[in-house]
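**Student:** Could you look at this predicted model? Sequence included:
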Amino acid sequence: MKIEIFCTLGPKSLNKKFLKEASKEVNLLRLNLSHLSISSLEKNIKFIRKHSKIPICIDTEGAQIRTKIRRKKFFKKNQLVKLFDSKSKIKLYPYETFNILKTGDKLDVGFGGLIIKIIKKEKINLHAKVLSEGWFEPSKGVHVINRKIKLNCLTNKDLKAIKIGKKYKIKNYALSFTNSANDVKLFNNLLPRFNKIFKLESLDALKNLKTIIHEGKNFLIDRGDLSKSISIEMIPVAQRKIIKEVKKKRKNVYVATNLLESMIFNKSPTRGEVNDIYNILELGATGLVLAAETAIGNNSINCIKYLKKIVNVFKKYER
């Protein structure tokens, strides 16, 4: 029984020591375009290739609005926010989002509780009011909570990154916010001879689950962004439904988000985290994905070691 471990690279793990340790247990290294500029992508690929033989996966931004700000800023209730203006330091990305959003839209920003409402739209500006206080941080997902919007499944940045990936013979690519079978077909046509992972992290993905699974081969449940589309108490239900449907078709499914979240700061996991990971393996997941734990966490190598310990215990007792 092979259970794969993927980990996300970031400031705390893009170094020789981590790559050396990771080579013992990690099956795939994830480069997340949502937190990585095009200018640094090529540099990072070269660095990883120099110090590791672990395969690389380029993870696209996909169909999501994101924040753009240099330093995080806290906003209080009823405070006014100006977006998109060239003089404003607070923006949303991609820029075509400006044409999609309209007065009255309510935006759930990141995971810190910040909710803002657009109260006025000008030629080059959006004015918003804070409904619920919280932090506006760099590269965080933004969800429109009062209506459904349509975004392209790939950004211009994604297309540039894929071109760089092909140049360096990267074989693995992930499509964020896979919402329909058509998204899968488009990605398959763009990368016909490559290994592709389709990320399930929206209500549309759940609604179109069977047709999405029919068109793809590898799937990843991102429980973080999924919890913005469905209530958090429904995440276990969705997780079980997805894994069951994928395994029924004898395809691969991976699970990400909050596996070892406490280890971003602590040296060991909580009992709840260990039990969560064990449950995921019992459900039949193909592998586990570390994100913030290895990208920005203080104990990135320990996270991998603990994950491997849990996997080994599972293999021993679940034969």
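**Tutor:** That came through, no problem.
**Student:** switch to C-alpha atoms for all contacts and neighbour counts from now on
**Tutor:** Noted.
**Student:** residue boundaries of the helices in this structure?
**Tutor:** 16-22, 38-51, 97-100, 156-167, 181-190, 203-207, 209-215, 223-229, 235-248, 271-283, 292-295, 300-317 (DSSP state H).
**Student:** Packing partners of the fourth one?
**Tutor:** Put plainly, it is helix 156-167. Using 3 or more Cα pairs under 8 Å, 6 or more residues apart in numbering; DSSP states H and E, the elements in contact with helix 156-167 are helix 38-51, strand 56-59.
**Student:** Could you export those as a markdown table, including mean neighbour count, distance to K157 and mean pLDDT?
**Tutor:** What follows is the helices and strands packed on helix 156-167, written out as a markdown table (neighbours: other Cα atoms under 10 Å; distance: least, Cα to Cα, whole Å; pLDDT from 0 to 100):
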| stretch | mean neighbour count | distance to K157 | mean pLDDT |
| --- | --- | --- | --- |
| helix 38-51 | 14 | 7 | 96 |
| strand 56-59 | 24 | 11 | 98 |
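**Student:** so which of these gets nearest R240?
**Tutor:** R240 lies closest, by Cα to Cα, to one member of those: strand 56-59, at 23.8 Å.
**Student:** Distance to A292 added to the helices and strands packed on helix 156-167, as TSV?
**Tutor:** Below are these laid out as TSV (distance: least, Cα to Cα, whole Å):
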stretch	distance to A292
helix 38-51	18
strand 56-59	14
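**Student:** Which of those sits closest to N27?
**Tutor:** strand 56-59 (9.1 Å).
**Student:** roughly how far out does the closest one sit from the chain middle?
**Tutor:** Strand 56-59 sits 12 Å away from the centroid of its parent chain (Cα atoms, centre = their mean, to the nearest Å).
**Student:** in its sheet, what does that strand sit against?
**Tutor:** Strand pairing for strand 56-59, using DSSP bridges, gives strand 28-32 (parallel), strand 172-175 (parallel).
**Student:** who's in contact with that strand?
**Tutor:** 28-33, 45, 161-162, 165, 170-176 (Cα atoms under 8 Å, 6 or more residues apart in numbering).
**Student:** hmm, 7 Å instead?
**Tutor:** Strand 56-59 is contacted by residues 28-33, 170, 172-176 when judged by Cα atoms under 7 Å, 6 or more residues apart in numbering.
**Student:** Identify each buried residue in stretch 228-238, please.
**Tutor:** Buried residues in stretch 228-238, defined by neighbour count with 16 or more other Cα atoms under 10 Å: 228-230, 235, 238.
**Student:** Over to stretch 140-152?
**Tutor:** Using 16+ other Cα under 10 Å as the test for burial, stretch 140-152 gives 140-144.
**Student:** Now do it: distance to the chain's middle.
**Tutor:** With Cα atoms, centre = their mean, you get 15 Å for stretch 140-152.
**Student:** Kindly check the end-to-end length of that stretch for me.
**Tutor:** 18 Å (Cα to Cα, to the nearest Å).
**Student:** quick one on the thing from earlier: can you list the contacts of strand 56-59 in a markdown table and add pLDDT, distance to N99 and neighbour count?
**Tutor:** Formatted as a markdown table, those follow (pLDDT from 0 to 100; distance: Cα to Cα, whole Å; neighbours: other Cα atoms under 10 Å):
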| residue | pLDDT | distance to N99 | neighbour count |
| --- | --- | --- | --- |
| L28 | 98 | 37 | 20 |
| L29 | 98 | 35 | 25 |
| R30 | 98 | 31 | 22 |
| L31 | 98 | 29 | 23 |
| N32 | 95 | 26 | 21 |
| L33 | 94 | 23 | 19 |
| I170 | 98 | 34 | 18 |
| N172 | 98 | 33 | 21 |
| Y173 | 98 | 29 | 22 |
| A174 | 98 | 27 | 24 |
| L175 | 98 | 24 | 25 |
| S176 | 97 | 22 | 25 |
